[in-house]
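J.: Whatever this is, show me its structure:
(2 chains)
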Amino acid sequence: MPHKFDPVALAVFAVLFFFVTVVGFVSSRWRRGDLSLLSEWGLAGRRFGTWVTWFLVGGDIYTAYTFIAVPALVFGAGSTGFFAVPYTILVFPILFFVFPRLWAVARRHDYVTPADFARGRYGSGGLALAIAFTGILATMPYIALQLVGIQVVLAAMGISGEIPLIVAFLILALYTIWSGLRAPALVAVVKDILIYTTVIVMVIYIPVQLGGFGHIFDAAAKALPHNQPPATLIPSSGAAFSGYSTLALGSAFALFLYPHALTGVFSAKSGNSIRWNATLLTTYSIALAIIALFGYMAIAASLKPASSSFTVPDLVLKFFPSWFTGFAFAAVGIGALVPAAIMSIAAANLFTRNVYKEYFRRNISDREESTVAKIVSLIVKIGALAFVIGLPTQYAINLQLLGGVWILQTLPAIMIGLYTRWFHRWALIIGWLVGMVTGTYMAASQAFSPVYPLSIGGLSFTAYAGMFAVIANLIVSAGLTLVFNALGDTRGEDETTSADYQDIEEQKAEPAGGLAR
Amino acid sequence: MQNNSANGGRRPEERGSRKWWYLLLVIPFIALLDPQFYAFDAPRLFGWPFFYWYQFIWLFITAGIVTTVYRMTR
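T.: Predicted coordinates:
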């Protein structure tokens, strides 16, 4: 579909964008705190209750890129793309069971990043550095893809060139520095109102126009086998089954290892805010399942997008008037700003706490710590912008896929570390390295397709590369733990105690005012 | 179900028996992890093939399970 310049859509888009800019700056006054402290700027003072956490984590997980990429995948690859649904379902039990523990220990010891936890738990600066490095590496291409999301909707309104993207970027950078995590938390409220409205309107109106869901699925079933490579409406081979389920499982475990998702966990005011969110976040998954089906609606509407990224924009353009197009595109654009801000804050926290403070300035003052974080959040975004402008989009997509594989390699140190300190710190570092190399090799060898067909002695098993890599990681970590333990006492100090991981007793003992402090 | 939270928390043995509720969290994994058991077109519901509506419904069942575990363990 050709993209013509559309002044009405652009005007609606610009007004909404201006509105969230104001919200972003004003948010610095919300639940006011001393923004020259890292835990105030970067975690909003750990005072977010259930609802703000809901908006914040929702803004984190269901990003502009999700809105563009999931339907694009379903459009091209059919049922495979729907793995996003079991993935976000399985996230909730994991979030509920595991992450209140991390929240509790982080609050007790003022941990701002997952690497802080690894350092405290294992007494290992090297392990913390590996975790911080992985986090920053996995987050950068993710930020770049948010900017790609903005680029796509701008292009769909007939605007090319880099200037509008740079303007959007400047707005984002300035209010992040100004307001810290408070900005994306408040902007996320606006973003969600826009996104939910758009999704509800689209899912009611488009199927009516296309003759109902039955017809949409039938059209997809007919068209998908003619795609290149051929796809199906219902997965039917053993490799498709195991690829589907390991992708869902691996992604579910990876999600809350991402630094930006953990920022949502750390900024909550209680473990129960996190537990409640394991239920409440379902609303986003419902929206996601519907968004995924937009891919089939595009097939049924016989759309031929210039690239699969334009699946949703072209669907909107085909069925709706200009003003609604501007509204829907603003939802995507603002949906990019929220996670990009949280991600750059998370990366900045990691660099400041676990690289700069650890290796360059041991006795850094609180004020300097937050100043460094603000500058780094800017550098991270400039890097992402340069990436999007200078390199083909496909690079960012491939790197983001690798990011999931990489971040999963921090699972033994972080997630298992919450329950046991059995693993040796050096074994964890070497296991991490093995996982990183294995996963990167597997994904790269399949031309950056996430599933890898592993064959050992005639037996073949197809699964998510990240799963194979984390299994290799765990085997190496376990084996070397036995070796290092046999070689003598080289385990680091554990500054945490088992009581630090419990949040429930504490809430009973402490009055509500104490938590809000 | 009795609620003791009013008098300042539960006794340790009571908390121990409540841990069994966490086992419910395993159910969604069992239900979803092998697509072989739900990768069918029929029966359709409102035009949605079984593969799609089955997974969609598990969104709600999982939310129900997590809420139940939350209420029974807090």
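
J.: now the helices for chain B?
T.: Along chain B, the stretches classed as helices by DSSP state H are B:12-18, B:27-32, B:50-73.

J.: Kindly reformat the ones you listed as a markdown table containing mean neighbour count and distance to residue A:285.
T.: For the C-beta atoms, the positions are set from N, CA and C on the backbone; glycine is no exception. Output for these, formatted as a markdown table (neighbours: other Cβ atoms under 10 Å in any protein chain shown; distance: least, Cβ to Cβ, whole Å):
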| stretch | mean neighbour count | distance to residue A:285 |
| --- | --- | --- |
| helix B:12-18 | 10 | 27 |
| helix B:27-32 | 18 | 12 |
| helix B:50-73 | 18 | 5 |
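
J.: Dump those helices into CSV; add mean pLDDT and distance to residue A:236 as well.
T.: Converted to CSV, the helices of chain B look like this (pLDDT from 0 to 100; distance: least, Cβ to Cβ, whole Å):
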stretch, mean pLDDT, distance to residue A:236
helix B:12-18, 61, 43
helix B:27-32, 90, 18
helix B:50-73, 91, 10
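
J.: residue closest to the middle of the chain?
T.: Looking at chain A here, since you left the chain open. Closest to where the C-alpha atoms of chain A average out (Cα atoms, centre = their mean) is residue A:61, at 4.8 Å.

J.: right idea, wrong chain: chain B
T.: Closest-to-mean residue, chain B, Cα atoms, centre = their mean: residue B:65 / 2.5 Å.

J.: got the buried residues for the longest helix seen in chain A?
T.: For chain A, the longest helix by residue count, based on DSSP H, is helix A:125-156. Neighbour-count burial for helix A:125-156, counted by 16 or more other Cβ atoms under 10 Å in any protein chain shown, picks out A:125, A:127-156.

J.: related to what we said a few turns ago, contacting residues around the residue nearest to the centre of chain B?
T.: A:93, B:24, B:25, B:27, B:28 (Cβ atoms under 8 Å, 6 or more residues apart in numbering or on different chains).

J.: my guess is the third one meets residue A:90, correct?
T.: So the one you mean is residue B:25. No. With contacts defined as Cβ atoms under 8 Å, residue B:25 does not count as touching residue A:90, sitting 9.9 Å away.

J.: which neighbours do the two share?
T.: Common neighbours of residue B:25 and residue A:90 are not found (criterion: Cβ under 8 Å, 6+ apart).

J.: So between those two, which is more surrounded?
T.: Between residue B:25 and residue A:90, residue A:90 has the larger neighbour count (other Cβ atoms under 10 Å in any protein chain shown), namely 24 against 20.

J.: that's a helix at the more buried one, yeah?
T.: Yes. The assignment for residue A:90 by DSSP: H, G, I helix; E, B strand; the rest coil puts it in a helix.

J.: With adjacent residues omitted, what lies nearest to it?
T.: residue A:252 (3.9 Å; Cβ to Cβ, 6 or more residues apart in numbering or on different chains).

J.: Quick check: that neighbour vs residue A:313, distance?
T.: Using Cβ to Cβ, to the nearest Å, residue A:252 is found at 29 Å from residue A:313.

J.: Equivalent analysis for residue A:154, please.
T.: Taking Cβ to Cβ, one finds residue A:154 at 10 Å from residue A:313.

J.: Tell me how many other residues surround whichever residue of chain B sits closest to chain A.
T.: Taking Cβ to the nearest Cβ, chain A has its nearest neighbour within chain B at residue B:47, 3.0 Å off. When neighbours are counted by other Cβ under 10 Å, residue B:47 registers 16.

J.: Surely it is in contact with residue A:210?
T.: No. Counting by Cβ under 8 Å, residue B:47 does not reach residue A:210; the two are 10.6 Å apart.

J.: residues shared between the contacts of those two?
T.: Common neighbours of residue B:47 and residue A:210, using Cβ under 8 Å, 6+ apart, are residue A:216.

J.: Could you report the neighbour count for residue 42?
T.: You didn't pick a chain, so chain A it is. Other residues close to residue A:42 by other Cβ under 10 Å number 27.

J.: looking at chain B here, not the other one
T.: By other Cβ under 10 Å, 7 other residues sit near residue B:42.

J.: Run through the residues that contact the nearest residue to it once chain neighbours are set aside.
T.: Distances taken as Cβ to Cβ, 6+ apart place residue B:50 nearest to residue B:42, at 6.3 Å, with adjacent residues excluded. By Cβ under 8 Å, 6+ apart, residue B:50 lies in contact with B:38, B:40, B:41, B:42, B:43, B:44.

J.: Serialize those to CSV and add fields for distance to residue A:458 and pLDDT.
T.: Formatted as CSV, the contacts of residue B:50 follow (distance: Cβ to Cβ, whole Å; pLDDT from 0 to 100):
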residue, distance to residue A:458, pLDDT
B:38, 30, 90
B:40, 30, 87
B:41, 33, 86
B:42, 36, 82
B:43, 39, 90
B:44, 40, 87
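
J.: out of those, which is most surrounded?
T.: Neighbour max across those (other Cβ under 10 Å) = residue B:38, 19 neighbours.

J.: what's the spacing between the nearest residue to that one once chain neighbours are set aside and residue A:415?
T.: Sequence neighbours aside, residue B:54 is the residue nearest to residue B:38 in space, at 4.5 Å (criterion: Cβ to Cβ, 6+ apart). Distance, residue B:54 to residue A:415, using Cβ to Cβ: 29 Å.

J.: same question, residue A:50
T.: 23 Å.

J.: Looking at those two, which is more packed in?
T.: Set side by side, residue A:50 and residue A:415 show more neighbours around residue A:415, with 19 against 16, by other Cβ under 10 Å.

J.: And the helices in the stretch 251-400 of chain A?
T.: Here the stretch 251-400 of chain A has its helices, by DSSP state H, counting those that start in this stretch, at A:259-266, A:271-280, A:282-300, A:311-319, A:322-351, A:357-359, A:366-390, A:393-408.

J.: Kindly export the fourth one (C-alpha atoms) in CSV.
T.: Looking back up the chat, that one is helix A:311-319. C-alpha atoms of helix A:311-319 as CSV (Å, rounded to 0.1, in the frame of the first residue of the first chain):
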residue,chain,number,x,y,z
THR,A,311,1.1,-5.1,8.6
VAL,A,312,-0.6,-3.2,11.3
PRO,A,313,-0.1,0.3,9.9
ASP,A,314,-1.6,-0.8,6.6
LEU,A,315,-4.5,-2.5,8.3
VAL,A,316,-5.3,0.7,10.1
LEU,A,317,-4.9,2.8,6.9
LYS,A,318,-7.2,0.5,5.0
PHE,A,319,-10.1,0.4,7.4
